[in-house]
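[1] dropping a prediction and its sequence here:
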Amino acid sequence: MLVTGASGFIGTWVLRELAQRGVRSIALDLRPARDRWKRVLGADGSDVQFFDTSLTDRDGLASLFDRESVTHIIHLAALLTPDCQQDPFRGCEINVLGSTAIFDAARTTGRIAAFSYASSFAIHGDLPSGSEQDNSLAPPMFYGAFKLAVDLVAEQYWRHFGLRSIALRPHVVFGPERELGLTAGPSLACRAAVRGEPYTIGYTGSAGYDYVEDVARGFVRGVFECPQGATIVDLPSEPATPEDFVNLIECQLPSATGLIKVAGQAIPSNVSPCPRPIAKILTDWQATALASGIARTLHYYHELNDA
């Protein structure tokens, strides 16, 4: 199993899910995340094989797939919204061209059974008044436009080359080790609460939330149970506000009462006009409730602090 973006937050938990299933995996990223892998994977973290082949090096990727006998791919590597807005050309190069290189290397080797990758609710958004474009597919940022492009590319690789794929669309992913981005706030609030430190979640508004272990399990099950076609599925994304997180943290950790604040502008909800629930593909899917995910996150940081 090849995991791109394996040094990141979700990629690390995907490696953990694979290790728990006894699946040999290799990590592709700019640099290894040995400390994070050790914290999340434990002893298995030292066994992760790491490669830094460029995401846009199609021939190098194909050679790696052959050399390491790769049969399944979980593709998570991407630049996020702020980087794509700051440098759209680089964002397109990594997110679109890099994803196309992964698909095409998979095609040329002829050995890849299936492919799972990260799509996004960011493909949806509001259009300016008077626009005649379909607002169900109106990304407000470059990041969403690039994600939509990859979904269309995946469809073409199924249509013309029979390469099966499944795209997962979580909304806000939370849990242990989430550290980057505006919506890392609830996860960082859990860490601060355990440490007895004040923290402010820097946004308001309601959004859907998915616990990271669910997301990792979705990518792994998706690639192994991938149906025919270029499939796109939504994760359940339990609705909540930052204030809901504060209340649940204080309920489970009373010593943190008053430590966590909320301030900032409301984030977009990015609700899909055409839901595609993952349970239609993985019919026994069970999501971790928000309260349980927060409890697991608090427990993780308690264990880390006590180590």
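    Yep, it's here. Owing to the predicted nature of the structure, the values given are computational and were not obtained by experimental measurement. Numbering: from 1, shown residues only.

[2] CA only for contacts and neighbour counts going forward, please
    OK.

[3] send the alpha carbons of stretch 275-289 over as CSV?
    Presented in CSV, the C-alpha positions along stretch 275-289 are these (Å, rounded to 0.1, in the frame of the first residue of the first chain):
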residue,chain,number,x,y,z
PRO,A,275,-25.5,13.9,-0.6
ARG,A,276,-23.6,10.7,-1.3
PRO,A,277,-23.5,8.9,2.1
ILE,A,278,-20.6,6.5,2.6
ALA,A,279,-23.1,4.0,4.1
LYS,A,280,-24.4,3.4,0.6
ILE,A,281,-21.1,1.8,-0.3
LEU,A,282,-19.9,0.5,3.1
THR,A,283,-23.3,-0.5,4.4
ASP,A,284,-22.2,-1.3,8.0
TRP,A,285,-20.5,2.1,8.4
GLN,A,286,-20.7,3.4,12.0
ALA,A,287,-19.4,6.9,12.8
THR,A,288,-17.8,8.0,16.0
ALA,A,289,-20.1,10.4,17.8
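
[4] what sits up against that stretch?
    210-211, 214, 222, 227, 232-236, 238 (C-alpha atoms under 8 Å, 6 or more residues apart in numbering).

[5] just those: which are in helices?
    If you go by DSSP state H, the contacts of stretch 275-289 have 214, 222 in helices.

[6] ok now do Phe103, which residues does it touch?
    Phe103 is in contact with 154, 157, counting by C-alpha under 8 Å, 6+ apart.

[7] swap in Thr231?
    Shown in contact with Thr231 (C-alpha under 8 Å, 6+ apart): 165-167.

[8] what do you get for Glu243?
    So, once contact is read as C-alpha under 8 Å, 6+ apart, Glu243 ends up touching Val262.

[9] show me how far the strand or helix carrying it is from its chain's centre.
    In the assignment (DSSP states H and E), Glu243 maps to helix 242-252. Its chain's C-alpha centre and that of helix 242-252 lie 23 Å apart, by C-alpha atoms, centre = their mean, to the nearest Å.

[10] go on, stretch 86-97?
    So, by C-alpha atoms, centre = their mean, the centroid of stretch 86-97 is 18 Å from its chain's centroid.

[11] ok, residues contacting it?
    Contacts of stretch 86-97 with the rest of the structure, by C-alpha under 8 Å, 6+ apart, involve 55-56, 77-79, 83-85, 142-143, 146-147, 149-150.

[12] give me that answer again for 6 Å
    With contacts defined as C-alpha atoms under 6 Å, 6 or more residues apart in numbering, stretch 86-97 is touched by 78-79, 84, 146, 150.

[13] narrow those to those in strands?
    Counting by DSSP state E, those place none of their members in strands.

[14] most surrounded residue in those?
    Neighbour counts for these peak at Phe146, which has 28 neighbours (criterion: other C-alpha atoms under 10 Å).

[15] how near is it to Thr100?
    The gap separating Phe146 from Thr100 is 11 Å, by C-alpha to C-alpha, to the nearest Å.

[16] one step back: and the two most separated of the contacts of stretch 275-289?
    Pairwise distances among the contacts of stretch 275-289 were taken by C-alpha to C-alpha; the largest, 25.5 Å, belongs to Pro227 and Glu238.

[17] okay, these two: which has more neighbours?
    Taking neighbours as other C-alpha under 10 Å, Pro227 and Glu238 compare with Glu238 leading, 17 against 14.

[18] quick one: the more buried one and Tyr211 touch, right?
    No: with contact defined as C-alpha atoms under 6 Å, Glu238 does not reach Tyr211; the gap is 9.4 Å.

[19] quick revisit: for the contacts of stretch 86-97, give me CSV that also has distance to Phe245.
    Converted to CSV, those look like this (distance: C-alpha to C-alpha, whole Å):
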residue, distance to Phe245
Ala78, 27
Leu79, 27
Cys84, 29
Phe146, 31
Val150, 33
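
[20] on the three-state scheme, the nearest residue to Thr12 once chain neighbours are set aside is what?
    With sequence-adjacent residues excluded and distances taken as C-alpha to C-alpha, 6 or more residues apart in numbering, Thr12 is closest to Ala6, at 5.6 Å. Classification of Ala6 by DSSP: H, G, I helix; E, B strand; the rest coil places it in coil.
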